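Q: just need the structure, nothing else, for what follows:
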Amino acid sequence: MSYAVDEDFEKSAEMLRAMPELADFAGLGPLIDDYEAGVGQTALVAYRMLTPEAEWRDTIAVQAAIYAAALASFLIDDVMDRDESKPAFGMDDGRKSNLGGALLVAVYKLIGQSEFPHEVRQRLADEMSDLLLAASAAQEVEALLMSGDLPNPDPEANYWKVIHGKSSQQVGRNLKLGAIMAGRPEWEQPMYELGVAVGDMSQIYDDITDAIYKIISPDWESTCKNLLIIFCLHENNPRREEFIKHFKSATTDPEAHTACRQIMIESGAVGYAVYHYFTRYKNARKLIESFEGVDQSYMLNLLNNNIRPISHVLTELGVPLPEGVAEELKLEGDVSASLAQG
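A: Now for the predicted structure:
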C-alpha cells in the first residue's frame, strides 16, 4: 500500500469533517481550516520506517485521531491566549468548551475505527490519554503563571516545564504512536526521545519568529511564554531596563517592537535560542545515526525539514548556521518523498 503523504493528511481532515457526531458543530470547519492536518505526520513517518511496506495498514483513522487531539489542544490554547486572530474567538465560551469536549471524545472513537488489532488500539488509546493529560496539566501551569497566581522565581525553568508538557511531548508521543502501530516496543523510547528533541526545535523556531516578526502575538502579552523575551528580561541582562521600557508598548507601537527586536539580536537572545535549537538538533541527529536495521532517511528528512525554515530566518538576520549544518541540509529529498516511496 503506497500513497502520497499529502493525500493522507487531506483524508484525515476529511474523515474528521465527515463524522456524523460532529456534524452540528459549526466551529469545527473554521478550526480545521486554520490548522493543517499534517500534525499526524510524525506518527506516520515512524510507522513506515519500522514496518515492511508489504505490511502497511491504513493509518488514516489514527492520523485523524491525532489531528482531533491536536485541534482540541489548539482550541484550548487559543482560548487561554485570548487570540483574536483565531476562529475560536468568535464563539462564546460554552460553544468553545463543547467543541473541545467533542474533539477529545472523537479521538477515541476514531482509534476504535482503525484497522489495528484490539490490543494495539488499546495501547494507542492509553498513549493518547497520557498525551492529553500532560498537555492539560501544562496548560494549567501556564495559565497560573500568566495570571500571577503561581510564583515564578525561575522563568526559564517554568518555560521548559510547560513546553515539555505541551508541544514537545506531543511530538514525542506521536512518534511513539508510530512504534506502537508497528508493534515495535523496543523503538517506543527512542522514538519518544527523538520526538521531544524535534518538538523543542519547533517551539524554539516559533519563539524566534514570533518575537522577531510578529507585533501582534500572545508572546508579547506575557513574560513567560517566549524564550527570547525571557532572556531579555533576565536580571543579568545588561540591556534589561532598556528592553522593559520598549516591551510595555511593543504590541501597539511598531517603533517599540523594532527596538525590542534589535535588542534581542544584539544582546544575545537570538543566539541563545539558536544554541538551544542546534543542541537539540545535534542530539537528535546523533540518536538517528545510532538507529540500526532501519532506513534512517525517514527520520533524517523529518529532522532536516524542521531545520530548513530556521536556516532561512537566520540567514536573513545575519546569524550563521553552526559548522557542518549547511552541508547536512544538502541531503536529497524531503519527508513527503520518503513517505510516498514504494
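Q: can you show me the CA trace of the strand or helix carrying Asn158 as PDB?
A: For Asn158, the element it lies in under DSSP states H and E is helix 155-165. Provided in PDB are the C-alpha atoms of helix 155-165 (Å, rounded to 0.1, in the frame of the first residue of the first chain):
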ATOM      1  CA  PRO A 155      11.000  31.800  34.400                       C
ATOM      2  CA  GLU A 156      13.200  29.700  32.100                       C
ATOM      3  CA  ALA A 157      12.700  26.500  34.100                       C
ATOM      4  CA  ASN A 158       9.000  27.000  34.100                       C
ATOM      5  CA  TYR A 159       9.100  27.700  30.300                       C
ATOM      6  CA  TRP A 160      10.700  24.300  29.700                       C
ATOM      7  CA  LYS A 161       8.300  22.700  32.100                       C
ATOM      8  CA  VAL A 162       5.300  24.000  30.100                       C
ATOM      9  CA  ILE A 163       6.900  23.300  26.700                       C
ATOM     10  CA  HIS A 164       7.700  19.700  27.600                       C
ATOM     11  CA  GLY A 165       4.200  19.200  28.700                       C
END
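Q: contacts for that helix?
A: 134-135, 137-139, 141-142, 145, 152, 196, 199-200, 203, 223-225, 227, 230-231, 233-234 (CB atoms under 8 Å, 6 or more residues apart in numbering). Backbone N, C-alpha and C define where each C-beta goes, glycine included.
Q: can you do 10 Å?
A: Contacts to helix 155-165, defined as CB atoms under 10 Å, 6 or more residues apart in numbering, come from residues 131, 133-145, 150-152, 154, 168-169, 172, 196, 199-200, 202-204, 207, 223-227, 229-231, 233-234, 272, 276.
Q: next step: those restricted to helices.
A: 131, 133-145, 168-169, 172, 196, 199-200, 202-204, 207, 227, 229-231, 233, 272, 276 (DSSP state H).
Q: write the PyMOL selection for whichever of the residues you listed are buried.
A: Selecting the buried subset of the ones in helices among the contacts of helix 155-165 in PyMOL, with 16 or more other CB atoms under 10 Å as the burial test, is done by:
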select buried, resi 131+134+135+138+139+141+142+145+168+169+172+196+199+200+202+203+204+207+227+229+230+231+233+272+276
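Q: and the residue nearest the centre of the chain?
A: Residue closest to the mean C-alpha point of the chain, counted by CA atoms, centre = their mean, is Ser167 at 4.3 Å.
Q: so what pLDDT did it get?
A: Ser167 carries a pLDDT value of 88.
Q: so who does it touch?
A: Residues in contact with Ser167 (CB under 10 Å, 6+ apart) are Ala70, Ser73, Asp77, Ala135, Ala138, Val196, Val198, Gly199, Asp200, Ser202, Gln203, Asp206.
Q: run a quick neighbour tally on the closest residue to Ser136 other than its chain neighbours.
A: In space, Ser136 comes closest to Ile76 once its chain neighbours are excluded; the distance is 7.8 Å by CB to CB, 6 or more residues apart in numbering. Residues near Ile76, counting by other CB atoms under 10 Å, number 20.
Q: and what of the one 10 residues further on?
A: A count of nearby residues for Lys86, using other CB under 10 Å, gives 19.
Q: if I look at it, how far off is Asp77?
A: Per CB to CB, to the nearest Å, Lys86 is found 9 Å from Asp77.
Q: list residues touching both of these two?
A: Shared contacts of Lys86 and Asp77, defined by CB under 10 Å, 6+ apart, are found at Pro218.
Q: skip the chain neighbours and tell me the closest residue to Gln169.
A: For Gln169, the spatially nearest residue (CB to CB, 6+ apart) is Ala134, at 5.4 Å.
Q: report the contact partners of Ala134.
A: His164, Gly165, Lys166, Gln169, Gln170, Arg173.
Q: who's in contact with the fifth one?
A: For Gln170, the contacting residues are 39, 42, 66, 69-70, 73, 131-132, 134-135, 138, 195-196, 199, 202, taking CB under 10 Å, 6+ apart as the criterion.
Q: rerun at 8 Å
A: Residues in contact with Gln170, defined by CB under 8 Å, 6+ apart, are Ala70, Ser73, Leu131, Ala135, Gly199.
Q: again, but for the fourth one
A: Gln169 makes contacts with Leu131, Ala134, Ala135, Val196, Gly199, as judged by CB under 8 Å, 6+ apart.
Q: switch the cut-off to 10 Å
A: Neighbouring residues of Gln169 by CB under 10 Å, 6+ apart: Asp130, Leu131, Ala134, Ala135, Ala138, Ile163, Lys176, Tyr192, Gly195, Val196, Gly199.
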